[in-house]
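Chemist: sequence first, then the predicted structure, then my questions.
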Amino acid sequence: MAIKIAIACTKGGVSKTTTTFELASALARKKKKVLLFDLDPQGDCSTWADVKSGEISIFNSLTEKDTPPPISHINAYFDIIPSSSKLESFESFNVTGKEVRLKKIVDKLEDQYDYIIYDTQPAISFLVGNALVASDYVITPLTCDEFSVKGITKIIELIDDVQDVYNKNLKLGGILITNFHKGMTMHREALEYYKSSDVFKNKLFKTVIRQTQKIKTAVVKRMSIYDLDKTSHAAVDYQKLAEEIIKKFK
Ligand SMILES: Nc1ncnc2c1ncn2[C@@H]1O[C@H](COP(=O)(O)OP(=O)(O)OP(=O)(O)O)[C@@H](O)[C@H]1O
Ligand SMILES: [Mg+2]
């Protein structure tokens, strides 16, 4: 059975997609078989991985019975199910068992993988709910900018709700500090605050993902930051995160 991880935070722009793609790539480099679901209708992860959905997309699999999702192979260890713009209409789509549709798909696939990772949209939505119902762990990225904390509170409430009703095994796997720039006083102060706060300190990953401008070039070139420059801060940090997760998530 795969270990299933949702990368989720209701706040936009906190590195959900970056973390999903780089973590999946890092685990695959460690010869872990990974399946990434791009569940964000924006499709940023699919664009980065340079894959498009065909006529039959994840939307069909979520809304029809027995329609397997299209799987694209990135390499021997890394598969992806791309997003589709049709996913937007899932919110208003009338279908029975709407909260557990993804779990039904995942139940049939998970034996083939070590890790299944979901990229999610910055919202409280049925799509995010489906990801949490089909997960063992949630990783919540947190930046050192103002207002980022609000997204954490909301996702923790959502985890509680999903635990109560659909998935008692769901856990907050950890809060991941991302896009950290040591040279910025505000970032250093925020990190100190998170590390000393009773709310955060026991939930933080040891690994902190440092800001690396080359990540934007990696996206444009449709490659992971590691493949672009394995000595860059973010490449080193996402490798460390993969190691921390392999040890921590069982
Ligand atoms: N470690 C990093 N160093 C530099 N830039 C980063 C880093 N992590 C993320 N970014 C940049 O921050 C921006 C937001 O990142 P990303 O798209 O991963 O966030 P997101 O949470 O998925 O956003 P959304 O909520 O819109 O889906 C992007 O431009 C990305 O390249
Ligand atoms: Mg995103």
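Modeler: That came through, no problem. Ligands and ions are numbered 1, 2, ... in the order given.
Chemist: might one say that Lys16 is in contact with Ala8?
Modeler: Yes: when contacts are counted by C-beta atoms under 8 Å, Lys16 is listed as touching Ala8 (6.9 Å). Every residue, glycine included, has its C-beta placed from N, CA and C.
Chemist: give me the common contacts of those two.
Modeler: Thr120 (C-beta atoms under 8 Å, 6 or more residues apart in numbering).
Chemist: where in this structure is pLDDT low?
Modeler: For the chain, applying pLDDT under 70 flags the ranges 147.
Chemist: now the strands for it?
Modeler: 3-7, 34-38, 72-75, 78-81, 115-119, 137-142, 171-177 (DSSP state E).
Chemist: relative to Ile58, which of those is closest?
Modeler: Ile58 lies closest to strand 78-81 among the strands of the chain, at 5.4 Å (C-beta to C-beta).
Chemist: closest one to ligand 2 among the strands of the chain?
Modeler: strand 115-119 (6.1 Å; C-beta to the ion).
Chemist: run me through the strand neighbours of that closest one, direction for each.
Modeler: Sheet pairing of strand 115-119 (DSSP bridges) gives strand 3-7 (parallel), strand 34-38 (parallel).
Chemist: I'd like these as JSON lines, with distance to ligand 1 and mean neighbour count appended.
Modeler: Converted to JSON lines, the strands paired with strand 115-119 look like this (distance: least, C-beta to the nearest ligand atom, whole Å; neighbours: other C-beta atoms under 10 Å):
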{"stretch": "strand 3-7", "distance to ligand 1": "8", "mean neighbour count": "26"}
{"stretch": "strand 34-38", "distance to ligand 1": "10", "mean neighbour count": "27"}
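Chemist: can you add distance to ligand 2 and give those back as CSV?
Modeler: Formatted as CSV, those follow (distance: least, C-beta to the ion, whole Å):
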stretch, distance to ligand 2
strand 3-7, 9
strand 34-38, 9
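Chemist: looking at the ones you listed, which is closest to Glu99?
Modeler: Judging the strands paired with strand 115-119 by C-beta to C-beta, what sits closest to Glu99 is strand 3-7, at 13.7 Å.
Chemist: distance from the chain centre to that closest one, please.
Modeler: Here the centre of mass of C-alpha atoms in strand 3-7, compared against the chain's by C-alpha atoms, centre = their mean, to the nearest Å, lies 7 Å away.
Chemist: wait, isn't Ala24 in contact with Phe78?
Modeler: Yes: contact between Ala24 and Phe78 holds when scored by C-beta under 8 Å: they sit 6.2 Å apart.
Chemist: that concludes my questions; thank you for your assistance.
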